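> sequence and predicted model, in that order:
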Amino acid sequence: MKQLIQNLKTGNTALEEVPVPQPGRGQILIRTTRSLVSIGTERMLVEFGKANLLQKARQQPDKVKQVLDKIKTDGLMPTLDAVFKRLDEPLPLGYCNVGVIVDERTLVGAAVDHPNRSGEARMPKVSGFTVGDRVVSNGPHAEVVSVPKNLCAKIPDNVSDEQATFTVLGAIGLQGIRLANPTLGEKFVVFGAGLIGLLTVQLLRASGCEVLAVDLSDDRLALARSYGAEICNPGSGDSVAAALAWTEGVGVDGVIITASAKTDEIVHQAAGMCRKRGRIILVGVVELNLRRSDFYEKELTFQVSCSYGPGRYDEAYERQGQDYPIGFVRWTENRNFQAVLSMMATGRLDVSAMITHRVAFEEAREAYKKITQDSSALGVILEYSGAVDLNKTTVVVQTNSRPAGVCTAAVIGAGNFAKMTLAPALSKTTARLKYVSDISNSAAAAYLAKKYGFENATTDSEAIWKDPEVNTVFITTQHNSHASLVQQALRAGKHTFIEKPLCLSVEDLQAIVELVQRIKGADESSLAPQLMVGFNRRFSSHIQKVKSLLKGRSEPLAMNFTANAGIIPPNVWVHDPQKGGGRIIGEACHFIDLFVYLTGSRIVSVAAFQMGKGVAVQEDKMSIILQFEDGSIGNVDYFANGSKQYPKETLEIFSEGRVVRMDNFRKTTGYGFKGFRKFGTFRQDKGHAEEFASFVARVSQGGLPLIPLTELINVTLASFAAVTAAKENRVIQLDAEYGRYLAV
């Protein structure tokens with residue numbers, strides 16, 4: 001299928017061939033019939049992409065500060081590399097989609113009266129939707145989209161697909177109105193008569209308010225007048241004076257700003273227009289250097305509206321389908337969609353005059369020329385032919401990119417780790433790269449395949465399991481999928497690399513280990529499937545140097561590792577015990593493994609203390625104390641409350657009158673070692689490249705696993721134990737607590 005993609009690095013807009021997405025649980029698969037170009041947001045993205053690096057930096061000063069902080073800790077070249085990779089990511093355009101449901105999933109287990117696309121199995125039903133329904137969603141400009149049910153709404157029979165494309169923008173305006181809380185007879189200014197502004201004018205008028213529309217375009221103001229608004233063009237008159245004259249000197253009850261501008265003058269003018277205790281709602285994007293005097297003298301209120309309404313950016317609502325009770329949250333983003341559609345169905349919201357261009361989707365690039373070059377462009381509708389093969393979940397990106405080798409690999413998960421680290425490193429190994437897969441983000445899969453030499457992009461992992469040529473799988477998906485995917489890969493006879501953690505529970509760990517042992521028992525060859533967890537730091541040149549310095553020691557080690565991990569907001573999935581497992585299991589396992597590697601000994605007991613009450617997340621501010629079988633001790637300080645200007649990772653080891661210190665995988669310093677003082681690398685070296693190259697070589701040549709299974713078990717159990725020890729304030733003896741798992 002085709003999808004419209006913007007490249008923020010080059011500014012190029014392209015129709016890319018990508019695989020058809022697969023709907024996850026609670027999602028709806030929609031074949032698009034129409035989509036609306038949001039000229040404000042999408043013009044801004046196009047113009048940002050076409051800007052040079054200096055112009056991009058000026059537009060995002062907060063990002064520049066982050067880059068400068070990263071340069072201080074990670075170095076210039078790694079930082080620039082990360083910036084360019086970020087800019088080079090494909091950005092799907094569009095969020096005003098209309099289409100027909102062709103497939104569905106659900107969070108409840110009810111049966112459905114239709115087969116799936118292959119005609120073989122039946123799928124559970126998304127409550128309230130059936131195949132064939134016309135729906136509006138915030139899906140992108142693509143021939144097929146997969147959207148969570150709470151971001152979809154049925155279209156009434158008397159509302160056309162073309163009209164319905166304005167629903168999402170209408171909901172944005174409606175949410176701004178709800179925050180303004182207008183009452184019958186009040187007077188409002190709508191600052192900006194673009195699509196959202198014109199929709200807001202009509203919705204305010206339908207609420208019984210009088211409206212003054214302000215814009216620099218006479219054509220758009222003429223439309224606003226046709227909807228019953230008074231008008232003012234600030235290019236030919238004083239908008240504040242006009243508003244005060246309109247209200248006989250009293251001032252307006254409120255201002256809704258739907259404009260986009262790189263100045264704070266609009267907010268200043270809005271304050272000047274308002275009566276005492278008036279309301280200002282920001283729906284658009286303007287500078288916010290607020291002037292105290294504007295708000296102090298009149299006791300004005302100011303609020304920023306969040307997109308479509310309550311539920312926006314709430315993963316439980318948007319992704320998991322958990323609705324807010326209507327008795328407590330009357331207007332969610334989905335109910336705002338429904339309200340806008342109802343207004344269209346009853347004729348109180350008319351969008352026909354806003355449509356200025358209709359463009360075939362195949363000519364979508366022309367649409368973007370229009371919105372950037374044609375000042376008359378307002379409502380630009382993309383029309384889809386409907387001729388799309390829904391079974392095309394795999395697309396060939398390039399043929400014979402590499403000769404067939406002993407390691408033929410597939411990557412499952414095209415997220416940040418795959419984009420920033422895995423795919424670039426794999427492209428430099430001898431592996432034949434056959435697939436990159438992502439169930440929902442087909443654009444990301446196609447991008448990685450094209451950029452790094454994969455032959456195919458797919459949204460169907462079954463294609464990977466069934467392909468006899470693929471003997472190696474790299475899994476970089478969300479943590480809660482790791483255990484299941486590892487077992488699927490091993491059962492399919494694939495060498496398996498799983499980015500940490502291995503799993504999230506001791507039960508899953510035991511199931512994986514028992515499966516590995518069964519496979520090893522049935523296949524004693526050196527090429528039996530390998531299981532590897534992405535503990536990359538032990539492969540770093542700095543850690544290799546430390547290991548060599550400690551070779552031949554006669555005493556246990558005393559080790560400290562400080563991880564200045566950085567804050568992750570509490571609502572992000574990594575903190576969810578069911579999805580991410582928390583940051584100790586999901587990330588601190590790296591440093592636990594590092595101690596196991598450096599000592600060559602297993603962990604026998606774990607104690608841990610986490611920060612007390614008073615912080616949103618306690619677990620990501622934890623000290624972990626580890627005791628090893630050889631008598632060594634290790635302390636992992638995992639802190640998420642530090643400064644980004646401080647080095648992210650620091651290792652100190654005390655041994656036999658000597659100390660070795662490693663700073664952020666760039667500099668290693670020895671104290672008391674004969675013949676060694678310093679070791680440095682030009683770039684930060686966390687071991688990823690060597691790790692992937694070593695795994696590919698081990699798959700190709702055979703041999704023992706790079707990390708013994710016993711160590712994978714020990715490290716994983718120690719991470720579980722750390723979380724339990726901190727919560728229950730006790731020391732955990734691994735043999736006593738997890739003996740039956742260690743004995744597997």
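Now that the structure is in, tell me what you want to look at. Numbers count the residues shown, from 1 in each chain.

> how does the chain divide into domains?
Annotated domains of the chain cover 2-165+351-383, 167-304, 394-533, 537-685+701-742 [automatic domain parsing].

> could you dump these into TSV with mean neighbour count, distance to Tyr317 and mean pLDDT added?
Any C-beta I mention is one placed from the backbone N, CA and C, and that applies to glycine too. What follows is these, written out as TSV (neighbours: other CB atoms under 10 Å; distance: least, CB to CB, whole Å; pLDDT from 0 to 100):
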stretch	mean neighbour count	distance to Tyr317	mean pLDDT
domain 2-165+351-383	18	6	77
domain 167-304	20	14	95
domain 394-533	20	17	91
domain 537-685+701-742	18	11	95
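
> distance to Phe692 added to those domains, as TSV?
Shown next, in TSV, are these (distance: least, CB to CB, whole Å):
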stretch	distance to Phe692
domain 2-165+351-383	16
domain 167-304	41
domain 394-533	5
domain 537-685+701-742	9
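
> which stretch among these comes nearest Ala339?
Closest of these to Ala339 is domain 167-304, at 6.3 Å (criterion: CB to CB).

> for the protein, which helix is longest?
In the chain, taking DSSP state H as the definition, the longest helix is helix 709-728.

> residues contacting that helix, please?
Helix 709-728 is contacted from outside by 501-503, 505-506, 509, 513, 516, 531, 533, 535, 582, 584-585, 588-589, 592-593, 596-597, 602-603, 606-610, 619, 622, 624, 626, 731-732, 734, 737-738, 741-742, 744, using CB atoms under 8 Å, 6 or more residues apart in numbering.

> one more: stretch 221-240?
Outside stretch 221-240, the residues touching it (CB under 8 Å, 6+ apart) are 189-191, 193, 197-198, 201-202, 205, 210-218, 242-243, 246, 269, 272-273, 350, 353-354.

> just the ones of the residues you listed in strands?
If you go by DSSP state E, the contacts of stretch 221-240 have Val189, Val190, Phe191, Glu210, Val211, Leu212, Ala213, Val214 in strands.

> let me have those in TSV, extended by distance to Thr476.
Shown next, in TSV, are the ones in strands among the contacts of stretch 221-240 (distance: CB to CB, whole Å):
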residue	distance to Thr476
Val189	50
Val190	46
Phe191	45
Glu210	56
Val211	51
Leu212	53
Ala213	49
Val214	49
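
> farthest-apart pair in the residues you listed, please.
Phe191 and Glu210 (15.4 Å).

> Glu333: which of the domains of the chain is closest?
Closest approach to Glu333 among the domains of the chain is made by domain 167-304 (6.5 Å; CB to CB).

> one step back: Glu318: which of the domains of the chain is closest?
Taking CB to CB as the criterion, domain 2-165+351-383 is the member of the domains of the chain that comes nearest to Glu318, at 5.5 Å.

> for Asn336, what are its contacts?
Listed by CB under 8 Å, 6+ apart, the contact set of Asn336 reads Ala171, Leu174, Gln175, Arg178, Tyr308, Gly309.

> isn't the last one right up against Gly176?
No: using CB atoms under 8 Å, Gly309 and Gly176 do not qualify as a contacting pair, with a distance of 9.7 Å.

> so which residues of the stretch 351-500 of the chain form helices?
Using DSSP state H, counting those that start in this stretch, the helices of the stretch 351-500 of the chain run over residues 364-373, 416-417, 423-426, 442-452, 461-466, 482-491.

> gap between Glu16 and Ser601?
51 Å (CB to CB, to the nearest Å).

> whoops, Asp389 was the one
56 Å.

> could you do Val131 as well?
Val131 is 59 Å from Ser601, by CB to CB.

> helices along the stretch 1-150 of the chain, start to end?
So, for the stretch 1-150 of the chain - with DSSP H, counting those that start in this stretch - the helices run 39-50, 53-59, 61-74, 76-87.

> my read is that Leu93 contacts Asn7, right?
No: using CB under 8 Å, Leu93 makes no contact with Asn7, being 10.7 Å away.

> residues shared between the contacts of those two?
Common neighbours of Leu93 and Asn7 (CB under 8 Å, 6+ apart) are Thr13.

> can you tell me the SS state at Ala563?
At Ala563, secondary structure determined by DSSP: H, G, I helix; E, B strand; the rest coil is strand.

> so it touches Asp637, yeah?
Yes: here Ala563 reaches Asp637: they are 6.8 Å apart, a contact under CB under 8 Å.

> the nearest residue to Gly680 once chain neighbours are set aside and Arg658, how far apart?
Distance criterion CB to CB, 6 or more residues apart in numbering; nearest residue to Gly680, sequence neighbours excluded, is Lys667 at 4.8 Å. Between Lys667 and Arg658 the distance, using CB to CB, works out to 17 Å.

> and the residue lying closest to Thr476 once chain neighbours are set aside, how far from Ser481?
Excluding the flanking residues, the one nearest Thr476 by CB to CB, 6+ apart is Gly413, at 3.8 Å. Between Gly413 and Ser481 the computed distance is 8 Å (CB to CB).

> ok, which of the helices of the stretch 351-500 of the chain comes nearest Pro708?
Closest among the helices of the stretch 351-500 of the chain, using CB to CB: helix 482-491, at 16.5 Å.

> list phi and psi for Gly634.
Here is the backbone geometry of Gly634 (degrees, to the nearest 10): phi -140, psi 140.

> okay but it is in contact with Ser623, surely?
No: counting by CB under 8 Å, Gly634 stays clear of Ser623, with 11.1 Å between them.

> now the residue sitting furthest away from the middle of the chain: how far from Glu143?
Centroid-distance maximum for the chain: Glu248 at 50.0 Å, with CA atoms, centre = their mean. Look at Glu248 and Glu143: by CB to CB, they are 54 Å apart.

> repeat that for Ala443.
Distance of Ala443 to Glu143, given as CB to CB: 12 Å.

> which neighbours do these two share?
Common contacts of Ala443 and Glu143 (CB under 8 Å, 6+ apart): Gln3.

> contacts only, for the nearest residue to Val380 once chain neighbours are set aside.
Among residues not flanking Val380 along the chain, Val37 sits closest, at 4.0 Å (CB to CB, 6+ apart). Shown in contact with Val37 (CB under 8 Å, 6+ apart): Gly94, Cys96, His141, Ala367, Tyr368, Ile371, Val380, Ile381, Leu382.

> quick revisit: relative to Glu315, which of the domains of the chain is closest?
Smallest distance to Glu315 across the domains of the chain (CB to CB): 6.5 Å, for domain 537-685+701-742.

> alpha carbons of stretch 135-147, as CSV, please.
Taking C-alpha atoms only, stretch 135-147 is exported to CSV below (Å, rounded to 0.1, in the frame of the first residue of the first chain):
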residue,chain,number,x,y,z
VAL,A,135,-15.6,5.7,10.3
VAL,A,136,-13.6,8.7,11.0
SER,A,137,-10.3,8.5,12.8
ASN,A,138,-7.0,10.3,13.4
GLY,A,139,-5.2,7.9,11.1
PRO,A,140,-2.5,9.2,8.7
HIS,A,141,-2.6,9.7,4.9
ALA,A,142,-2.3,6.1,3.9
GLU,A,143,-4.4,3.6,1.9
VAL,A,144,-4.9,1.4,5.0
VAL,A,145,-4.7,2.5,8.7
SER,A,146,-4.9,0.7,12.0
VAL,A,147,-6.4,2.8,14.7
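
> so what sits against both of Gly413 and Ser481?
Residues touching both Gly413 and Ser481 by CB under 8 Å, 6+ apart: Ile475.

> who wins for proximity to Val473 among the helices of the stretch 351-500 of the chain?
helix 482-491 (4.5 Å).

> in what helix or strand does Thr668 lie?
Secondary structure from DSSP states H and E places Thr668 in strand 667-671.

> just checking: what are the partner strands of the next helix or strand after that strand?
Using DSSP H and E, the helix or strand that follows strand 667-671 in sequence is strand 678-680. Next to strand 678-680 in the sheet, as set by DSSP bridges, lie strand 667-671 (antiparallel).

> in the sheet, who's paired with Thr32?
Gly99.

> and it, how far from Phe361?
As judged by CB to CB, Thr32 and Phe361 stand 8 Å apart.

> host element of Asp294?
Using DSSP H and E, Asp294 falls within helix 292-296.
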